[in-house]
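A.B. asks: the sequence isn't on hand, but the structure is:
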Ligand SMILES: C[S@@+](CC[C@H](N)C(=O)[O-])C[C@H]1O[C@@H](n2cnc3c(N)ncnc32)[C@H](O)[C@@H]1O
């Protein structure tokens, strides 16, 4: 039966430049920013979708046109994070109250009410104002320095939600399927390490994946700052992420399932218009139809990879039900009886959210509303409802999975979370939390053979939609290698360690990693020299394999080692391991390897105590100020201790702060500070980069520092720091 065509709601596109209208010309300078933030199609589309009640529409649109508040998370171990929050509240907030700029008064930075433990922050001051006020400028500089060294992570507030709802525990195996650039991966890694004792390495694993190699490299850069031995960065198409295996207790290989999977899929991103105003100009409703299929395949693959009882969080920064509820509904129906939406109304209680939609409209590529296709239950899936050709010979396919299913009320789509900009002054976001309730059976398979009846035509369309002819999600072996590069690879010569055979997929042009035998060669010498206890999993040392000497030695946790050592696992790995040992450019008399700063916190509980130098406040401040003090510039007692150590070796400097209270305010860090140092012939030099040194100086000495080649120039960081330094001089430590 011929379908009745509805009116084309997209006919008028106000964004189209009219050559005869000078106001639309690029050269016409007086268009206000707001005037550029217009897209009639966008408004018509979302009004038709009834995403918010009519009376909220204006508020939604006006928020979308405003710039986005800056938000950030405080990272690190609990005690370190608490120190930094104390510092923000003590040294910055009191001085940046009632900021006025261009006649508008802005609130000072404030905690995000729904982020646990006060670790999420937001502030609305425009960037330009940051430069105008001295105190704001200092706060801005502080944020930049702390972000560089990873103590603070700038992240859009709504983007912090998915990892929180993933409910990650330190023993979980987590897969982040579309992870770059990595802000959510960083959060997940922090959860894996939360509340772990200093001499423990978590059992959990984080596999962070991205199909785009360059973006996977950005992911490496972002996550490297966290120094986690539990992380593996991979480069697979998430739609075909390979099955992984592990050894069972009978030493047989069995499938390895993840406890948690995050599918933060590629999306149209129209929830990020506040941050990316260009979307106002480029937005078009067809993109969602294209993305829907990719999103659906990624989510379905996640269902195959998660364990029974495990959680999947599906998220987008799009407001479009085609990319959101339609994808979730399709997965729920495909895995009927094995997958359900979790009611998270009790989680993140202070987060204002709206329920997911149970009905929405589908528009064909001409912008004509398309009727919901009547399909039998057994047909729910990918079958295209309509196909036709236009003049450009472009296939126009509307999959049944785009439409609200007729059983949508049974699926509890209202359990999905919709976050709109006007609810709490954020970006727009969508999150669905799913649980796998039972093992999958043959009916859940998406292999061509099983679903031939309905997949044939969809498979044809897939070739057109995403350039891939492979729709069998479990057929991961056929995944073709993506572009590769050399990031992080270390030039190596023939190994003297006789490494075990590399287990990594050789199709990846990255140098594969090899595990090093801790009982042989210079690794054994280094382990013996630094008296590293076997309690540290010394089998977890690895290096990049190539015909060269291993100049850098990395370290992974037991769980990562097990996963990487399993011969059936074919991972295209971009990066793993924390740098632990490195060979200095010039030969050293005692040990070939020096300690690397990234690895020092892991090594500290396991290294021989004669390599750890404890400093009191006086010596530690001398050490920070001079960067490489001679022994005679240190206190006599410390000078005596370090003089007795061997020359030309790495040492670890530890400062365990004592509390300094002035008028009941804590003026000291509480987390121990641990730094690598090089013991020269008669001096001790600090081995960290400038940003980290500057951050520590601010935290410990309460002064801002301009770090030059020899020592640093101090600047008062805040009014309190004057008092602080004075009190320190008077030795009021308690
Ligand atoms: C929304 S971004 C992810 C943002 C990231 N989760 C974060 O918080 O920083 C989507 C990512 O998916 C990647 N991507 C696109 N298609 C993919 C696929 N088929 N499989 C895996 N990753 C994909 C993109 O390269 C992009 O980095």
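C.D. replies: Received, thanks. From a predicted model like this one, the values you see are computed outputs, not experimental measurements.

A.B. asks: what number of residues lie near the nearest residue to residue 132 once chain neighbours are set aside?
C.D. replies: Using CB to CB, 6 or more residues apart in numbering and skipping residues adjacent in sequence, the residue nearest residue 132 is residue 101, 6.7 Å away. Every C-beta, even on glycine, is put in place using the N, C-alpha and C of the backbone. When counting by other CB atoms under 10 Å, one arrives at 15 neighbours for residue 101.

A.B. asks: before we move on, what about residue 369?
C.D. replies: 14.

A.B. asks: repeat for residue 125
C.D. replies: As a burial measure, residue 125 scores 22 neighbours (other CB under 10 Å).

A.B. asks: please apply the same query to residue 568.
C.D. replies: By the measure other CB under 10 Å, the count of residues near residue 568 is 15.

A.B. asks: surely it is in a helix?
C.D. replies: No - counting by DSSP: H, G, I helix; E, B strand; the rest coil, residue 568 is not found in a helix; it is coil.

A.B. asks: residues contacting it?
C.D. replies: Listed by CB atoms under 8 Å, 6 or more residues apart in numbering, the contact set of residue 568 reads 245, 253.

A.B. asks: quick one: it and the ligand, what's the gap?
C.D. replies: As for residue 568, its distance to the ligand is 22 Å (criterion: CB to the nearest ligand atom, to the nearest Å).

A.B. asks: for residue 198, same thing?
C.D. replies: Between residue 198 and the ligand the distance, using CB to the nearest ligand atom, works out to 28 Å.

A.B. asks: for residue 131, same thing?
C.D. replies: 28 Å.

A.B. asks: which helices and strands does the host helix or strand of that residue pack with?
C.D. replies: Element membership for residue 131 (DSSP states H and E) is helix 127-132. Secondary structure elements in contact with helix 127-132, counted by 3 or more CB pairs under 8 Å, 6 or more residues apart in numbering; DSSP states H and E, are strand 99-101, helix 134-148.

A.B. asks: check the offset of the last one from the chain's centre.
C.D. replies: The one in question is helix 134-148. For helix 134-148, the distance between its averaged C-alpha position and the chain's averaged C-alpha position is 22 Å (CA atoms, centre = their mean, to the nearest Å).

A.B. asks: what's the following helix or strand after it?
C.D. replies: Under the assignment DSSP H and E, the closest C-terminal helix or strand after helix 134-148 is strand 152-154.

A.B. asks: now that next one: average pLDDT?
C.D. replies: In this model, strand 152-154 has a mean pLDDT of 91.

A.B. asks: how near is residue 130 to the ligand?
C.D. replies: For residue 130, the distance to the ligand under the criterion CB to the nearest ligand atom works out to 24 Å.

A.B. asks: contacts for stretch 336-353 next, please.
C.D. replies: Outside stretch 336-353, the residues that touch it by CB under 8 Å, 6+ apart are 113-114, 161, 164-165, 167, 303, 311, 328, 331-332, 411-413, 415-419, 423-424, 432-441, 444.

A.B. asks: redo that, cut-off 7 Å
C.D. replies: When contacts are defined by CB atoms under 7 Å, 6 or more residues apart in numbering, stretch 336-353 is touched by residues 113-114, 161, 164-165, 303, 311, 331-332, 411-412, 415-419, 423-424, 432-438, 440, 444.

A.B. asks: narrow those to those that are buried.
C.D. replies: By the neighbour-count criterion of 16 or more other CB atoms under 10 Å, these include these buried positions: 114, 161, 164-165, 303, 311, 331-332, 411-412, 415-419, 423-424, 432-434, 436, 440, 444.

A.B. asks: tell me which of these fall in strands.
C.D. replies: Within the buried ones among the contacts of stretch 336-353, residues falling in strands by DSSP state E are 311, 417, 418, 419, 432, 433, 434, 436.

A.B. asks: out of those, who's nearest residue 70?
C.D. replies: Sorting those by how near they are to residue 70, with CB to CB, puts residue 419 at the top with 17.6 Å.

A.B. asks: which one is the closest one nearest to, not counting chain neighbours?
C.D. replies: Beyond its immediate neighbours in the sequence, the residue positioned closest to residue 419 (CB to CB, 6+ apart) is residue 429, lying 4.2 Å away.

A.B. asks: is the one you found in contact with residue 269, as I believe?
C.D. replies: No - under the contact definition of CB atoms under 7 Å, residue 429 does not touch residue 269, with a separation of 10.6 Å.

A.B. asks: the more surrounded of the two?
C.D. replies: Applying other CB under 10 Å to residue 429 and residue 269 shows that residue 429 carries more neighbours, namely 26 against 21.

A.B. asks: ok, that one - contacts?
C.D. replies: Applying CB under 7 Å, 6+ apart, we find residue 429 in contact with 158, 161, 271, 315, 317, 419.

A.B. asks: ok, which pair from those residues is furthest apart?
C.D. replies: Between any two of the contacts of residue 429, the greatest separation by CB to CB is 11.7 Å, found for 161 and 271.

A.B. asks: state the next helix or strand along the chain beyond the lowest-mean-pLDDT helix or strand in the chain.
C.D. replies: When the helices and strands of the chain are scored by mean pLDDT, DSSP states H and E, helix 452-466 comes last with a mean of 28. If you walk from helix 452-466 toward the C-terminus, the next helix or strand you reach (DSSP H and E) is strand 513-515.

A.B. asks: for that next one, name the packing helices and strands.
C.D. replies: Based on contacts counted as 3 or more CB pairs under 7 Å, 6 or more residues apart in numbering; DSSP states H and E, the elements that strand 513-515 packs against are strand 541-544.

A.B. asks: same question for the strand it packs on, mean pLDDT?
C.D. replies: Strand 541-544 comes out with an average pLDDT of 89.

A.B. asks: what's the neighbour count on residue 255?
C.D. replies: A count of nearby residues for residue 255, using other CB under 10 Å, gives 12.

A.B. asks: wait, it touches residue 248, no?
C.D. replies: No - in this structure residue 255 lies outside contact range of residue 248 using CB under 7 Å: 10.0 Å.

A.B. asks: tell me which parts of this protein are close to the ligand?
C.D. replies: For the chain, the residues found near the ligand under the criterion CB under 6 Å from any ligand atom are 159, 177-184, 210-212, 215, 237-239, 264, 266, 294, 298.

A.B. asks: can you flag which of those belong to helices?
C.D. replies: Mapping those onto helices (DSSP state H) picks out 183, 184, 215, 294, 298.

A.B. asks: would you reformat those as JSON lines and include neighbour count?
C.D. replies: As requested, these are arranged in JSON lines below (neighbours: other CB atoms under 10 Å):
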{"residue": "183", "neighbour count": "20"}
{"residue": "184", "neighbour count": "24"}
{"residue": "215", "neighbour count": "16"}
{"residue": "294", "neighbour count": "23"}
{"residue": "298", "neighbour count": "26"}
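
A.B. asks: having no further points to raise, I will conclude here.
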